[in-house]
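Asks: Generate coordinates for the sequence data below:
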Amino acid sequence: MSTETRTYDAQALWQKDKDHFIHPFTDFSLFHEKGCDLIVDSDGIYVEDAHGNRFIDGIAGLWCVNVGHGRAEIGQAMAEQATRMAYFSTFNNLSNAPAAELAAKLAELAPANLNHVFFSCGGSAANDATIRLVHYYFNRLGKPSKKRILSRRNAYHGTTYLAATLTGIESNNWDFDTLDHLVTHLSEANLYRRPKGMSEAEYCDHLVDELEESITEIGADNIAAFIAEPIMGAGGVLMAPCGYHARMQAVCRANEILFIADEVVTGFGRLGHFFASEAVFDTQPDIINCAKGLSSGYAPLGATLISDAIYEVLGTPQRKGGVLSTGFTYSGHPVSCAAALKNIEIIEREGICENVLEVGPYLERKLKSLAQHETVGDVRGSHFMLAIENVADKATRALLPVEARVGDRVAAEAQKRGLIIRPVGHLNILSPPLIWDRDTVDRVVDILDEAFAATTASLRADGFL
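Replies: Purely as a prediction, here's the structure:
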């Protein structure tokens, strides 16, 4: 934790937060009474609340603090840039050194031909901006009918207006409007809940067939792009069958449909590589979107990596006096880009991707031991991106009632024991800082073992089991 001693009036801070801060994804059935736990300090793999309680961070803030908390090097890089030049416009014929350096570094790290970078302020904005650029691209090609975007049910691509439409988690959009005429959702790739009796290879065939049938129904001339997370994140850390992404890309290529990889979560080491698309899933996307681990959460930043072929069209003057009239005041913000450059330097220098490749499989194996618990139906994911699915019956895979709040129960029991994990309905998700070692994994799994045992007991006492 920080060496600076700070004291907080925990009750006053809690009240201010409850009275004035509208939190993302707030459950108002609980918030008005309970408010939020306030995290006030952090260091490495640990965070501390306003009461002085210390926890292992099992979610890396929110999929993003990849190099761990309290990295003085990143803070110093940000401070140096802020005192030198905190901000200046990157519109028209202006730029700044950190943005130029970061764009070149991302082009170096990305799969071949993704040599051009459009900066935004986060994952939602990156996905939103990408679709606008994709539509512009096809308009410039004289193919204005290519507007429809293919996404997937249970995908998460953000909560800005268009990104929320791309998102296929139904509950995310309850009572919100969406731009449904622009997006068609295909089936998610969910090995755990694939049709009974269907092999993994047959399931892959089934999903690819659905894509081809949808293209036939909608018309390839009306479809601009297919967007997919390599592993679905907030939708349940859903693993696709072997070969799925490469086959989906091949169908897209055959129909002049752009393939967009949303690597907002999987990028920057979570699966052991800076980008997972090519290294893990054997695809070469036309576009990759990234955020989160790009700066390890030290500053808001998103990026859209664009292929040479697309850039050739975007970079051709549209008409006399015309410009590429899209972007953000904070596109290529110097302080955010300085944070990202130092973050990438740390990942490379400390071999953090290599740590994930070594410790990740151990974490997967240890977590699978939790299958001994009555409610644990599935433990899935890859390396430092994992989920546990809670069920009422392992044989039928039936879920517990919503009112059981099983994911919340497990998370609460873990937090009592010094570990923060994320509840998402009937799921519990782990996406830790990428600096966990085997000893940390052992401690975490011991805590989870106790948490699941306590949860099973409480569910039974309350009549849910």
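Asks: neighbours of the residue lying closest to residue 360 once chain neighbours are set aside, just the number please.
Replies: Spatial nearest neighbour of residue 360, chain neighbours left out: residue 383 (3.0 Å); criterion: CB to CB, 6 or more residues apart in numbering. C-beta here means a position set from N, CA and C on the backbone, and glycine is covered the same way. The number of residues packed around residue 383, counting by other CB atoms under 10 Å, is 25.
Asks: Which pLDDT value goes with residue 383?
Replies: pLDDT, residue 383: 98.
Asks: Residue 377 looks like it's in a strand, true?
Replies: Yes - assessed by DSSP: H, G, I helix; E, B strand; the rest coil, residue 377 belongs to a strand.
Asks: tally of neighbours for the nearest residue to it once chain neighbours are set aside?
Replies: Closest residue to residue 377 apart from its sequence neighbours, by CB to CB, 6+ apart: residue 391 at 3.5 Å. Using other CB under 10 Å, residue 391 is surrounded by 19 other residues.
Asks: With residue 134 instead?
Replies: Counted with other CB under 10 Å, residue 134 comes out at 23.
Asks: and if you look at residue 181?
Replies: Neighbours around residue 181, by other CB under 10 Å: 9.
Asks: what's the pLDDT at it?
Replies: So, for residue 181, pLDDT stands at 96.
Asks: before we move on, which element is the nearest residue to residue 287 once chain neighbours are set aside in?
Replies: Nearest residue to residue 287, sequence neighbours excluded (CB to CB, 6+ apart): residue 260, at 4.6 Å. Element membership for residue 260, per DSSP states H and E: strand 258-262.
Asks: Could you tell me which strands that strand is paired with, and in which direction each runs?
Replies: Sheet partners assigned to strand 258-262 using DSSP bridges are listed as strand 223-228 (parallel), strand 287-290 (parallel).
Asks: Touching the longest one from outside, list them.
Replies: Under the contact criterion CB atoms under 8 Å, 6 or more residues apart in numbering, strand 223-228 has outside partners 127, 130-131, 134-135, 138, 146-152, 155, 157, 166, 211, 215, 245, 248, 252, 255, 257-262, 286-287.
Asks: Would you map the strands across the stretch 51-200 of the chain?
Replies: 54-57, 114-120, 148-152, 183-186 (DSSP state E, counting those that start in this stretch).
Asks: Quick one: mean pLDDT over the third one.
Replies: It refers to strand 148-152. 98.
Asks: Out of the strands paired with strand 258-262, which one sits most buried?
Replies: strand 287-290 (a mean of 29; mean count of other CB atoms under 10 Å).
Asks: CA atoms only for that strand, dumped as PDB, please.
Replies: The C-alpha atoms that make up strand 287-290 are tabulated as PDB, following Å, rounded to 0.1, in the frame of the first residue of the first chain:
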ATOM      1  CA  ILE A 287      -9.700  -4.500 -37.100                       C
ATOM      2  CA  ILE A 288      -8.800  -5.000 -33.500                       C
ATOM      3  CA  ASN A 289     -10.200  -2.900 -30.700                       C
ATOM      4  CA  CYS A 290      -8.400  -2.600 -27.400                       C
END
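Asks: So for the next helix or strand after that strand, mean pLDDT?
Replies: Scanning forward in sequence from strand 287-290 by DSSP H and E, the next helix or strand is strand 302-307. Across strand 302-307, the average pLDDT comes to 98.
Asks: how far off strand 114-120 does strand 302-307 point, in degrees?
Replies: 150 degrees (axes from the mean of the first three to the mean of the last three CA atoms, to 10 degrees).
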